[in-house]
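> Could you work out the structure for the sequence below:
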Amino acid sequence: MLAAISIQGPNAWFFKVTGDRQELADRRDEFEAFLKSVRLPGASEAGPASPDTGKPDSAKPDTTGGKPTWKLPDGWKEAATATGERVATIEIPGKEKPFELTVTRLPVPQRSVAGYTRDNVNRWRTQLRLGPLTEASWDKETRELLDAAGNKLTVVDLVGTMAPPRQRPAGMGMGGMGGMAGMGPPGMDGEADDTMPSGAGRPNAGRPSGASSDSAGGSESADLPFSFAAPAEWQSAPVGPFAKLTYRIVQDGQAGEITVSSLSAAANDLLSNVNRWRGQVQLPPLTSADLATQVRSLELGAAQGSYVDLDGGATSGQSILGAIAVHGDSAWFFKFKGPAPLVARERERFETFMKSVRFKPL
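Numbers count the residues shown, from 1 in each chain. The predicted model follows:
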């Protein structure tokens, strides 16, 4: 794995490619040349270095026009349009097939930048079944480069055996979950959002094991700590390894998806989660002061929930309705994402669904 992190203002930028160790070793110089050519939006360009401090005396304004820019090495090409947090997918020539370099942007949780960088490097190491770095080994195993604007990137070159994918950037777990390093769904670094991979072929795919399907929509399961009543119009869909429930809505050629998932209660960083969801529909992040005006409280039986309605119709064409609740040692995430017109039409049904959720007493 060749990977790098750059933190600029409220955003963290992730650059990552995995593949055959020898082929990637041959591409290391190209990867670093690419990183040095990068200019990120929102990043000030470093001015001339002071002869006294060696640091820039001034900063030039951001000239990217709101989009990252870079120079691709010969043979490299951008292969996909930006979606969600994934800003770009770049194909790197390989012997059998191209390698994919992903470029992802995520909001940074309110925490130490150094700690956030360290936790993400250690998350990558875990993906390769490598042990975490200590303070003593950090400088030996990481290095720093400057991008085209003179801003720092932390770079790693990791060799190991790829573990099954299941992590997102530290502090950005599943369902927009923040504050917990090393946890999250498949599709690391925003390569996918909260949608789980298909569970087709699994018994009872699309509903929790043991859930009753005698009546349309209603369900109670020994596997879930809550009861609920889903609208009959929603279609059960295959679930992934972390999602507990998935429903799909298709209307007038538009499709949306509702997912219910959980992680440790330590993942319940409300501001980070809301800002992650806002980023998925290209809305600007909230401050702590803004948060209270954007969140509604929900009574969910033996748990309290926080509900947000994020209309990204004017920015991304997508909207999200989401709720987060803590029950015991788990944080639960309920999310409906889809085209803004579809989400608007289904808002009443989704809110009725949320009102039907009743967590059981501990």
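
> Mind telling me what element residue 6 is part of?
Assigned by DSSP states H and E, residue 6 falls within strand 2-8.

> so what secondary structure elements neighbour that strand?
When contacts are defined as 3 or more Cβ pairs under 8 Å, 6 or more residues apart in numbering; DSSP states H and E, strand 2-8 sits against strand 11-17, helix 28-37, helix 113-127, strand 152-157. Every C-beta, even on glycine, is put in place using the N, C-alpha and C of the backbone.

> just so I know, which of those lies nearest residue 285?
strand 11-17 (8.6 Å; Cβ to Cβ).

> Can you give the strand pairings for the closest one, parallel or anti for each?
Strand 11-17 has the following strand partners under DSSP bridges: strand 2-8 (antiparallel), strand 99-107 (antiparallel).

> Can you lay out these as CSV showing mean neighbour count?
As requested, the strands paired with strand 11-17 are arranged in CSV below (neighbours: other Cβ atoms under 10 Å):
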stretch, mean neighbour count
strand 2-8, 23
strand 99-107, 23
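
> and residue 120, how many residues sit next to it?
28 (other Cβ atoms under 10 Å).

> ok so, going back, how about the strands paired with strand 11-17, which one is nearest residue 149?
That would be strand 2-8 among the strands paired with strand 11-17, by Cβ to Cβ, at 9.0 Å.

> before we move on, back to that, need the contact partners of the strand holding residue 6.
Here strand 2-8 makes contact (Cβ atoms under 8 Å, 6 or more residues apart in numbering) with 12-17, 24, 27-28, 31, 35, 38, 40, 42-43, 108, 113, 116-117, 120-121, 124, 145, 147, 151-158.

> Same question for stretch 346-362.
In contact with stretch 346-362 (Cβ under 8 Å, 6+ apart) are residues 225-231, 233-234, 249, 251, 256, 258, 298, 300-303, 305, 307, 309, 321, 323, 325, 327-328, 334, 336, 338, 343.

> circling back to that earlier point, which of the helices and strands packed on strand 2-8 is buried the deepest?
strand 11-17 (a mean of 22; mean count of other Cβ atoms under 10 Å).

> Can you point out the buried residues in the following helix or strand past that one?
Beyond strand 11-17 in the direction of the C-terminus, DSSP H and E gives the next helix or strand as helix 21-26. Across helix 21-26, burial judged by 16 or more other Cβ atoms under 10 Å covers residue 24.

> how much distance is there from helix 21-26 to the middle of the chain?
27 Å (Cα atoms, centre = their mean, to the nearest Å).

> cool, stretch 315-327 as well?
Distance, centroid of stretch 315-327 to centroid of chain: 13 Å (Cα atoms, centre = their mean).

> So which of the contacts of stretch 346-362 sit within strands?
226-229, 249, 251, 256, 258, 298, 300, 303, 305, 307, 309, 321, 323, 325, 327, 334, 336, 338 (DSSP state E).

> how close does residue 258 get to residue 99?
34 Å (Cβ to Cβ, to the nearest Å).

> what does residue 77 give?
12 Å.

> what is in contact with those two at once?
residue 91.

> I figured residue 133 was touching residue 120, is that so?
No. Using Cβ atoms under 8 Å, residue 133 is not in contact with residue 120; the gap is 11.3 Å.

> would TSV of the strands paired with strand 11-17 with mean pLDDT and distance to residue 141 be doable?
Shown next, in TSV, are the strands paired with strand 11-17 (pLDDT from 0 to 100; distance: least, Cβ to Cβ, whole Å):
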stretch	mean pLDDT	distance to residue 141
strand 2-8	92	12
strand 99-107	88	21
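
> Please enumerate the strands of the stretch 151-300 of the chain.
Secondary structure of the stretch 151-300 of the chain, counting by DSSP state E, counting those that start in this stretch: strands at 152-157, 172-173, 177-178, 218-220, 226-229, 235-236, 243-251, 254-264, 296-300.

> Adding mean pLDDT as columns, could you present those strands in TSV?
Compiled in TSV, the strands of the stretch 151-300 of the chain are given as follows (pLDDT from 0 to 100):
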stretch	mean pLDDT
strand 152-157	93
strand 172-173	40
strand 177-178	36
strand 218-220	50
strand 226-229	93
strand 235-236	90
strand 243-251	89
strand 254-264	89
strand 296-300	94
